[in-house]
Each structure stands twice: as C-alpha cells, then as structure tokens.
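Enquirer: for reference, the sequence and a predicted model appear below.
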Amino acid sequence: MDECGSRIRRRVSLPKRNRPSLGCIFGAPTAAELEPGDEGKEEEEMVAENRRRKTAGVLPVEVQPLLLSDSPECLVLGGGDTNPDLLRHVPTDRGVGDQPNDSEVDMFGDYDSFTENSFIAQVDDLEQKYMQLPEHRKHATDFATENLCSESIKNKLSITTIGNLTELQTDKHTENQSGYEGVTIEPGADLLYDVPSSQAIYFENLQNSSNDLGDHSMKERDWKSSSHNTVNEEPPHNCIEQPQQNDESSSKVRTSSDMNRRKSIKDHLKNAMTGNAKAQTPIFSRSKQLKDTLVSEEINVAKKTIESSSNDLGPFYSLPSKVRDLYAQFKGIEKLYEWQHSCLTLNSVQERKNLIYSLPTSGGKTLVAEILMLQELLCCRKDVLMILPYVAIVQEKLHMIGEGSRGATLEMTLAKILYTSKTTQIIGMSATLNNVEDLQKFLQAEYYTSQFRPVELKEYLKINDTIYEVDSKAENGMTFSRLLNYKYSDTLKKMDPDHLVALVTEVIPNYSCLVFCPSKKNCENVAEMICKFLSKEYLKHKEKEKCEVIKNLKNIGNGNLCPVLKRTIPFGVAYHHSGLTSDERKLLEEAYSTGVLCLFTCTSTLAAGVNLPARRVILRAPYVAKEFLKRNQYKQMIGRAGRAGIDTIGESILILQEKDKQQVLELITKPLENCYSHLVQEFTKGIQTLFLSLIGLKIAMNLDDIYHFMNGTFFGVQQKVLLKEKSLWEITVESLRYLTEKGLLQKDTIYKSEEEVQYNFHITKLGRASFKGTIDLAYCDILYRDLKKGLEGLVLESLLHLIYLTTPYDLVSQCNPDWMIYFRQFSQLSPAEQNVAAILGVSESFIGKKASGQAIGKKVDKDVVNRLYLSFVLYTLLKETNIWTVSEKFNMPRGYIQNLLTGTASFSSCVLHFCEELEEFWVYRALLVELTKKLTYCVKAELIPLMEVTGVLEGRAKQLYSAGYKSLMHLANANPEVLVRTIDHLSRRQAKQIVSSAKMLLHEKAEALQEEVEELLRLPSDFPGAVASSTDKA
C-alpha cells in the first residue's frame, strides 16, 4: 500500500490477555476476507451474529475505577459524528490488488493438532534450520533469535501494537540489510510467510531479550518502556542467560536454553492461538474494507520509528508524514482546516492537559480526535478510552452529561477517573455546549471553540405554502424566501397538507433527504403517503440495487418483509425508527449511505449520533412526540444537512402551523439549553449507585472522603444552583443513611478521641450482590423478595417462572397489555403454567374481566400483571424462535420485541451475578446460566451448542443439525471439503472457519477440565504440616 509497493498479505488479531483496566482499548478485530459471490450472505450473517454475540458472555459490569497503575492515559468523549469505521473496524487482510484466497484467511487451515503438522512444527523446523548454520552455533540463543526477527529475512515481520490488538504484516519487498547473507529464504518457501501473529510476537520478545544481553543500560531502558506498553504481552517463559566465560558451562546453558525455548514456543503458541480463535471475525463489505486499511497503514508506518524514545515521530503533528498521505489517499483530506491546526497545536494539547472543544456538526471534530488518539497510542504508547455517541452503543456525547440516567452514568465515570488518576488526559468534544464554564471546572480542562462549518447551512421555516429564511438580523428573525411552486390535486392537498411531496421531490432521487417525524407511526404513514404520489420514474432509479435490498431484508427476516417497506423501497424511500430490528436498521442505513435509498422518514433518535447525512433535512413538526422541540434537539437535527465532501450546500426546513409561530421564533433565536447534573435527580441510578460503588471499590470509605469526592463532581460544581433547601453535606449524609437502612451498607463508628468521631462504611452481602449484578437500587429489594418467594415454590415444569423472575423491572412501566390477547394467551396455558400465574397472584377471571371491560373488585398489583404479560411474550418467543410471528401474535413492533429479548438476556446475567453473591440463592445459579444462553441465542435447545461456534447462525445451525452435525465434537472433527458438499451455500472459507472455531472451543473445554484435574491433584496450601516442612527445609 505504501510508496515502496509493499502489500498487506496477512494480518491476524491477537487479543490482549490480562489488562484489568477501565479503559476500553481503541481497536477492533480484523475483518475477514470475502469470496466473490459470498459477500452479501456472509455480511448478513455476521450482522446478525454480532447482535447475537453482544449479549452472550458479555455481562453488565459496573464501571471500575482507574487506579494509577492501570488507568488509560487518554479519555476521549465523543460528540458530533465519529467515523464508525475507524473506531470499530480494522483493515482488510490483503492489499487492494490481491485476489481472494481461502487458504490465507483461516488461521489454522487444515491442521488437526497443535503439535503435529502444525504451525508450531513449522517453527521447530525453522529453528533447527537456523541452529544448524555454523555462524549460529556460538551464542546460539542470541543469534538464532536475532536472525528470526532480523531484517535480513526478505519477508520482514512488522509488529504493530495498538490497544488490545497485535497485527502481523509481511512485507516481501524489503531489501536484505543484515550482515547474515548466508541465510536466504525464498518468499514461496518461507515458513514465516504463513505464521500467525502469536509466533511473531514471540520472536519479537526473544529479540528484545537477546538485545538486552549486549547492553545492560539498554535492558533497563527497555524494561521501563515495556511497563507502559499498550499490549500486555506474555514474556518468553525462559529468560536468556548471560554469556558465560567457561565454554563448557556455556554449552550446557545453551543446550538447556534451546530445549526450553523450543518447548516455551509451543506452550506460548497454544495459549496465543487459543486467544486468536476466541476473537470474532466480522465480515464487512468491500467499500468498508478499503476504509479500514487506513488505520492499519497509519499504525504500521508509525511502528517503524516507534523504537525512538522521542514522542515526536514525524512532521504530521508528531506522526509520520505517511499518516498524512494515507488520509489524502483514503479520505481525500489534503489539508486540515485552520481551526483543526490551531486546536492540535494548542499548548494545552502539547502539555497533555484536559481539553474540551466544541464546533457545529460537520465541522471536522472527529479528525482531531483521531489524530490525538493516534498520538497517544503510537507516540506515548498509552491506552485510550473513547466514549462513543452512537445510539446503538452508548450515546454519551459530552453535552449528554445533563440528560437523565445516561448523564448521571457519564458523570460518575468521569468523576472516578478524575479522583483516582491524576495522569489521565480527558478530551471532550461536542457540537452543542452552553454553560461550558461548569464543565471546564468539573473536568479541570481548557476550552476551544469555533463556529466553523465547511458546508453552508441555510435554515428555512415553512408556513402554509410560503417558505421563509431564518435571518438573525431581521426584525422578527426571518425573511421571505419563496412560494412553493407545485401543482397539487384536490386529493393530494387532503393527503399532504404540509406539501411534503413538493419539498422532497426538489432533491430526490439525485440527492438525499431526511424527514423527521414526531412519532414512529407517523414515520411509516409519511413514507407511504409520499410514495403514493411519486411518479413511476422513481422506480427505475437503481432498480436492481433496490431489489437486492428487498431480497436481503427477506433473508434476515426468515422470509418475512414489512409490508410498508415492501411498498416504499422500490421508490427509494424507507422509514427508520426503533420498531425495526437492529439487522433491518443496519441494512437500510447501508443502502441509504450508498445512495440506493434517497429518503428516510425517521424519528429524532436518528439525529443523536447516527452519521446519515442529507442534502435537505425536513422537520415535519416542531415536536418530539408531544413535547415541544428543544434548541439542542433542533440543532442536532438540522446538523444532518450538508456534509463536507458530500454536498455543496445544506438546507433545513421546519414545517410549522400559525399557532406555533411565536414558539418557533423563540426556538431559532434563543441560546442553547444549559447542561445540569442529574446525579441527585436520578436518585437510585445516580448518587446511591455512586456511593455503593465508591465503598464497594474502596475508593472512599468514610463520610469525609465521600463528601470530598462529591465536591469534585459536576453536581458539586453546580451545587449552589441546584441545591436550594439542603446542603451537599446533608444530601451526602441522607443518601448514606438511606443505603444503610436499606441493608446495602453498614456503618462503623470509630472514636479517634473523646471529641473526634469518624464514620466508616463497608458494603453488606446484599449491597455487594446489587453492586456486582449492577442492579438498579430501586429494584434490588424487590428482586430479593421475588427470588426469596420463588424458593418457596419454583415451578420448573416450564421456563415461564424463571423468565418472569428475569424480566426487567424497568420495562414493566412501558407495557400496556392488549387484554384480549392477554386473555387468549392465558386460556392456552398448561396446568403448570397456570400454577405460575396463581403463585404470582394473577387469575384468569381477572384477565377476563379486564378483556370484557368489567369492573374489578379485587385489587391486583399492576406491575406483576404487566410483568407477567411481558413474560408471556418472551416465553412464546423462546418456543417459536421467530420474532415476526410473535410480533403478529402480540401486536407489538418487532424491534420492541428484540429489545425486550436483549434486555432480558442482559438482566438474566445480572440476576445470576446477584445470586452468586448470596449463598441462599445457590439453586438459581445453574438454572440462570442455561436460561441466559437460551435468551441470548433464542433457538431450539438442540441448536445452542452449534450456535456457540463462530460463523454459525440459526439457519446454518439447522442445516448442520439436519446433516448430522449435532455437537461441537462433530464439527471439530468435520472435513471442510465434506461440509462444502453437504451444506448448501457454504463457502470453503466459511467451512474452514467453522471447523477451526469448533476445534478451538473444544480445546478450551479440554484445557478447562485439565486445569480442574491439576487443581484436584495439587497439594492444598493450607495442608496441615506444610508450613512446618517448608521451614525444616529452609
């Protein structure tokens, strides 16, 4: 890819092993190669698989504090529109010009063993070859290692460390620059040509060790450097000893070292290859792979000079000029904007001080964040934690610190970092900030702002058929622009009183358009209405591509397709809201980004971080649901219009009625809303959860320390504004008293003197269970009561009772049962299932009366009734495993059902952790492990073992099961060629991946059992007489 003509031949990702840090590392798994013809199917499968695996094995964990020894050195808070490709993907496995090759993708190929006919055997052969050479017999350990990693090998190994990933690049064009010219390995025969990253890592470690022998001071410097390395690599198992004066002694050491080193390679590679196999291998489209290459190239180029102790690696803001060249090549960025240059050269940035910078949407904030992160990762070799703004991930922009429970969570995270780590740099970026002084004081940060926007944005208001331009200089804030010139029939006037058809047809299909609607139902109605009045010419625009979108939607829906999308997609129109499944949303977003779809009717959630730009943005009404639009929301929505490098101009049109005119004029002229702390307002999710975690993590254990911590929070900064009746001290004391009375904390009184008393706190068993399970403290006592009651008569004849116990409490209030459907489902229950309802206190007569509208005399807990209804939905879904049929049966949006399933799987794992901390709930542990699996995969029980294998989704699992592959052992021993012939639409690459993954899973299970055996056979440390015998020996 670079100017020397080198190609990226192979990259394998190596997960970082033991890093007990809060910092999520800025990195991503390597993208797998696609075969022609398989790209579409594989991408669809992996999209679904990523959704499925997000819950599997990923348990909600309380954000841990950053101790000084393991804190990330840079924290980036994302606002604006961060490039998702850069943050979540890693480049393609080969150069642009390379052809697909099945054999290159599979890490283990057809090797059946870790020791015979394997990569390890190749390493042994390679070592033997080097050890036999005369010049390597003296100090064999040093020279053999040096040659393995030397630049004399034409296929040079370049090891790149970034976050928790390590990549291997083989560059066959590098010239032979070493003095050992007697060893020449042809590219075609080079054993290192096909090695995975684990071996390359080992060779680099050996080289570092051998270099240390020659220079003690170098050894000390390297040791210090490695302690700050971003990757916690395993060192060689055997340290290379210093050269001895005595030849005989040296020979013994060398022989022993050779044998041990060869053995250590095998041990090391077993662990590393197992780790490699655990990593998911997502598949992305070709267009994304090209973008992905950028990150890796930047890192690989920078690595060549990273051996320097200087933090200045090059002329491009301390990065190599090659980084600048790659930005130009892949992103078309020839030169930074003036504000970007000014921001990157600020003294506060150079001195690694905390920084907040704010610009309008599309101003180029993300590029600055990318460069700052690359500086931190490559130049300083420190970790980076990035809090992303995507709705599907976290949705925590810096200004969102003032938004409900999300803001409270973000504030708690930042406060812990500031309190526990004085060396972590915090970078905050946002498009919308007002009372920035408070944020500056909280984050102890410098502030940089600019009103720069690369594409001009023109704001318009539409009243009836007249369009006005927003003009701050005008007396009433707007000036006349034009009248709509569109011939409306009488029918069209009735159907489209807001002239949406006229507004969208001015830009589509050649340009894109977003129409923001107040509600989900309105999105669908508007999409259908627009399509009814579009001409047939729109059907011809990218007709084949639109047919492919419909086909893909049917595939991910198991043959089902939303009737609204079926009618609108042929016109290039679709709706976008939370009622869609995650797979549907992703597919539609991809189609919109590539221009296949030209119009989205969407809700306001799309504006909160999903990077879907448009030439024109239309706001259907100045409302979000029934609430009037806020200034921040308005700026986010119109910020989607006119994106740099895509459009030359951006337009926003807000449609309003005469009755809303005055409010809208105030909306477009008033300043942004202030940002306030929600730490105390969100009582159970805020201050109480914070105090429980502070004490549980031993960050602050007594009243004075906790009060001191609170003064450093965003709430502490704003206490004079937010607190009117009580002081911060009183709120702190009350919150601790509440937690103590609830049985989550226990107070200890320590008398330091006759006059001085100190109150210390420690966490109780119930508090630790709530803390470890990340249970909302508003529900922890209810959960405890429900689980305790369940022990009295847990019905295990079906899953209904367990499902009820793991249905999230916070979703109950959003549930509005359809009583006729409820009664119909209730009447179909088996006797055992009816027993569950009876235990919970819900009778069939009660549901029948509600369905018929009769008066209810007996009082029944509404929350229990609603929770049982959601349990029916989940229970039916686990039995039928089809979201579409359940959606129709309960008349619920499929997206809502998917979110319910995902939330329940997550809460099930939370309840599992809760029960693990309380001995009385031991019976639930094994049951909840299996239930969490069922909720995570949502397939028939016999398919779950197959679903654990990478590359196997429900459809593929059914095919494999039908073909006789019914267990992990079956797949591990399968022949990939036989699988290709047996299973329809299975590529050779996919078959190899499935077999390799099954082998790795099987090997992990075997290792786990071996560890149990070793533990059983090991002499206990507290064995009577063990201490005495060791003392006697001494």
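Expert: Thanks, I have the structure now. Residues are numbered from 1 along each chain as shown.
Enquirer: what strand or helix carries the residue nearest to residue 619 when sequence neighbours are not counted?
Expert: Taking C-beta to C-beta, 6 or more residues apart in numbering, and ignoring the residues beside it in sequence, residue 619 has residue 654 as its nearest neighbour in space, at 4.5 Å. C-betas here are computed from N, CA, C, even on glycine. Residue 654 belongs to strand 649-656 when elements are defined using DSSP states H and E.
Enquirer: and the strand or helix carrying residue 664 with strand 649-656, angle?
Expert: Element membership for residue 664 (DSSP H and E) is helix 661-669. For helix 661-669 against strand 649-656, the angle by axes from the mean of the first three to the mean of the last three C-alpha atoms, to 10 degrees is 150 degrees.
Enquirer: now helix 661-669: buried residues?
Expert: Of the residues in helix 661-669, those buried by neighbour count under the rule 16 or more other C-beta atoms under 10 Å are 664, 665, 667, 668.
Enquirer: cool, and stretch 884-897?
Expert: Neighbour counts using 16+ other C-beta under 10 Å place 884, 886, 887, 889, 890, 892, 893, 894, 895, 896, 897 of stretch 884-897 among the buried residues.
Enquirer: contacts for that stretch, please.
Expert: Stretch 884-897 is contacted from outside by 520, 557-558, 560, 577-582, 584-585, 818, 821, 872-873, 876-877, 880, 883, using C-beta atoms under 8 Å, 6 or more residues apart in numbering.
Enquirer: and stretch 633-644, by the same measure?
Expert: Contacting residues not belonging to stretch 633-644 are listed as 360-362, 364, 431-432, 454-457, 459, 514, 516, 604, 606-608, 612-617, 619, 622, 624, 647, 649-652, 654, 667-668, 672 [C-beta under 8 Å, 6+ apart].
Enquirer: now do it, average pLDDT.
Expert: For stretch 633-644, mean pLDDT is 84.
Enquirer: for it, measure first residue to last.
Expert: 21 Å (C-alpha to C-alpha, to the nearest Å).
Enquirer: circling back: can you pick out the most distant pair from the buried residues of stretch 884-897?
Expert: In these, two members sit farther apart than any others by C-beta to C-beta. They are 889 and 895, at 15.9 Å.
Enquirer: related to what we said a few turns ago, elements contacting the next helix or strand after the helix holding residue 664?
Expert: Proceeding C-terminally, helix 661-669 gives way to helix 687-696 as the next helix or strand, assigned by DSSP H and E. Where contact means 3 or more C-beta pairs under 8 Å, 6 or more residues apart in numbering; DSSP states H and E, helix 687-696 is packed against helix 404-420, helix 703-711, helix 728-741, strand 745-751, strand 757-763, helix 765-772.
Enquirer: cutoff 7 Å now
Expert: Contacts defined by 3 or more C-beta pairs under 7 Å, 6 or more residues apart in numbering; DSSP states H and E place helix 687-696 against helix 703-711, helix 728-741, strand 757-763, helix 765-772.
Enquirer: out of these, which is the most enclosed?
Expert: Most buried of the helices and strands packed on helix 687-696 by mean neighbour count (mean count of other C-beta atoms under 10 Å) is helix 765-772; its value is a mean of 21.
Enquirer: run the angle between the following helix or strand past it and helix 765-772 for me.
Expert: For helix 765-772, the succeeding helix or strand toward the C-terminus, using DSSP H and E, is helix 780-792. With the same axes, to 10 degrees defining the directions, helix 780-792 sits at 110 degrees from helix 765-772.
Enquirer: what comes up buried for helix 780-792?
Expert: 780, 783, 784, 786, 787, 790.
Enquirer: for whichever helix or strand comes after it, give the mean pLDDT please.
Expert: The helix or strand immediately downstream of helix 780-792 is helix 800-806, counting by DSSP H and E. When the per-residue pLDDT values of helix 800-806 are averaged, the result is 96.
Enquirer: just checking, what packs against helix 800-806?
Expert: Using 3+ C-beta pairs under 7 Å, 6+ apart as the contact criterion, the secondary-structure elements in contact with helix 800-806 are helix 780-792, helix 831-840, helix 862-880, helix 894-916, helix 922-937.
Enquirer: go ahead and confirm residue 856 touches residue 845.
Expert: No - contact criterion C-beta atoms under 7 Å: residue 856 and residue 845 do not qualify, at 9.7 Å.
Enquirer: before we move on, the earlier item: buried ones from the contacts of stretch 884-897, can you make that a ChimeraX selection?
Expert: Isolation of the buried members of the contacts of stretch 884-897 (16+ other C-beta under 10 Å) is achieved in ChimeraX through the command below:
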select :520,557,560,577,578,579,580,581,582,584,585,821,872,873,876,877,883
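Enquirer: where does pLDDT dip in the stretch 901-1034 of the chain?
Expert: Counting by pLDDT under 70, the ranges of the stretch 901-1034 of the chain that qualify are 1026-1034.
Enquirer: all helices for it, in order.
Expert: 922-937, 944-947, 954-962, 968-972, 976-982, 988-1017, 1026-1033 (DSSP state H, counting those that start in this stretch).
Enquirer: quick one: contacts of the fourth one?
Expert: Yep, that's helix 968-972 we're talking about. Contacts of helix 968-972 with the rest of the structure, by C-beta atoms under 7 Å, 6 or more residues apart in numbering, involve 945, 949, 965, 994, 995, 998, 999, 1001, 1002.
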